[in-house]
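> A structural model of the following input is requested.
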Amino acid sequence: MSRLSTLSPSAVKAMFSSETDEALIMLLTIYDPTQTEEYAVRLADNFTGRLESLTTDQEIVYGVTSRTKEFAFLPMQITLPNEQDTGVGQCSIVLNYASPDAITLIRSHLTGPTKVLLELVLSGSPDTVEASFPGFYITSATYNAEAITLELSMISLSKEPFPSYNFTPGYFPGLF
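Numbers count the residues shown, from 1 in each chain. As a prediction, this is how the structure comes out:
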């Protein structure tokens, strides 16, 4: 089944129209599955307005509010995985902003299994998720003065041996 058949007609129109009032926004949630949800980093590749709870006297923050969660606007590019014979390919996200705070966050928090959730919403209805891509893990993170690159992959169960044990007398003495 095609992914386009699960999208709303407004989302398909926003994807393929040369001019449209609706923008397709990618929401990126980076989180540690062992921590609570308050430690998640939420980013969006577009914005619909000012985020009042993140705005301070020194800085105005724009982004998207979706399902009562605020996603800060940060320009980013995503490269979707290609199909390979050996399994699922690599996916990468390039965040076009490398601040000292972001680099400190990567150095201190990307030490364990960090999950990524990608969601697509429309700018006119950000509470309705058009498509969701769960199950990605950050496998590596690199950065330079301009950008942060996150390499993502999924757990490929097709590469795991089946059965997990060999049928030897040590594991299955009753067979021999």
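> Ends of stretch 144-155, what's the gap?
28 Å (Cα to Cα, to the nearest Å).
> ok, residues contacting that stretch?
Under the criterion Cβ atoms under 8 Å, 6 or more residues apart in numbering, residues 88, 90-98, 102-103, 106, 116, 135-143 lie in contact with stretch 144-155. Just so you know, the C-beta spots here come from the backbone N, C-alpha and C atoms, and that holds for glycine as well.
> how far is that stretch from where the chain is centred?
What separates the centre of stretch 144-155 from the centre of its chain is 11 Å, taken as Cα atoms, centre = their mean, to the nearest Å.
> Next up, the contacts around the spatially closest residue to residue 80 that is not a sequence neighbour.
Counting by Cβ to Cβ, 6 or more residues apart in numbering, residue 91 is the residue found nearest to residue 80 once chain neighbours are left out, at 5.9 Å. With contact taken as Cβ under 8 Å, 6+ apart, residue 91 is in contact with 78-81, 136, 151-153.
> for residue 97, same thing?
Residues counted as contacts of residue 97 (Cβ under 8 Å, 6+ apart) are 74-75, 147-148.
> Strands - which of those land there?
Counting by DSSP state E, these place residue 148 in strands.
> Same list as before, the contacts of residue 97 that is, but in TSV and with pLDDT, distance to residue 170 and neighbour count included.
Shown next, in TSV, are the contacts of residue 97 (pLDDT from 0 to 100; distance: Cβ to Cβ, whole Å; neighbours: other Cβ atoms under 10 Å):
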residue	pLDDT	distance to residue 170	neighbour count
74	87	53	21
75	88	56	12
147	87	51	15
148	87	47	21
